[in-house]
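*Asks:* The sequence isn't on hand, but the structure is:
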């Protein structure tokens, strides 16, 4: 199989304007991934599936990732007057980096027996801009998995044929796999409370 760098170059040549970035992985698996902008994600997905060399015709799994807002400290050069003389000095500044959600797809080729290629798509933020293109029209196996990502993380997949909750019940609020999800102490909406959930729900039923 081609290297991720070669696959990135192949996409860039075929789809001008696509923004692509190889994301490193410092775990022992060293399984790097390819980040693609959401505007070109659907077109990139079709290329990965249909290209004669790649033929990534099988989506094994798709999952969501939640990245919280973070603060980044960095050293910058600033001009300051020190003992009456203007000098350029180092100063630490802190800036906020907005969080985002990701959909991550693991792709294989049954035809060529190679893979995986890991594809990432990011939302603008975690609040009001959480839409991504559905890849279900490209890989049919994405349908239920994108529904699960929507249900648990809140990513809205445009073009999905049947985007609705798949694990949580209708009327459930919030997204339980978000890192800042606050578990409620009132389980009145739990249809069949049991074990620890039943213990928490009982005080509210008295």
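*Replies:* Received it, and whenever you're ready, just let me know what you need. Given the structure is predicted, the values throughout are model-derived calculations rather than measurements.

*Asks:* strands paired with the helix or strand containing residue 121, and their directions?
*Replies:* Assigned by DSSP states H and E, residue 121 falls within strand 114-122. Strand 114-122 pairs in its sheet with strand 33-36 (parallel), strand 100-109 (antiparallel), by DSSP bridges.

*Asks:* List just the one of those that sits closest to residue 146.
*Replies:* strand 100-109 (7.3 Å; Cβ to Cβ). For every residue, glycine as well, the C-beta is placed using N, CA and C.

*Asks:* same question for that closest one, mean pLDDT?
*Replies:* Regarding strand 100-109, the rounded mean pLDDT is 98.

*Asks:* can you check stretch 139-157 too?
*Replies:* On average, stretch 139-157 scores 98.

*Asks:* what comes up buried for that stretch?
*Replies:* For stretch 139-157, the neighbour count (16 or more other Cβ atoms under 10 Å) marks 139, 142-143, 145-157 as buried.

*Asks:* quick one: which two of those are the most distant?
*Replies:* Largest pairwise distance in those, by Cβ to Cβ, is 21.6 Å, between 139 and 154.

*Asks:* Quick one: residues in contact with the strand holding residue 121.
*Replies:* 1, 4, 7, 23, 31-38, 41, 44-45, 48, 54, 56, 58, 60, 100-109, 132-133 (Cβ atoms under 8 Å, 6 or more residues apart in numbering).

*Asks:* Got a quick ChimeraX command for the buried subset of the residues you listed?
*Replies:* Those of the contacts of strand 114-122 that count as buried under 16+ other Cβ under 10 Å are selected in ChimeraX with:
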select :1,4,7,33,34,35,36,38,41,44,45,48,54,56,58,100,101,102,103,104,105,106,107,108,109,132,133
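
*Asks:* dump the residue contacts of residue 154.
*Replies:* Counting by Cβ under 8 Å, 6+ apart, residue 154 has contacts 101, 126, 130, 175, 178.
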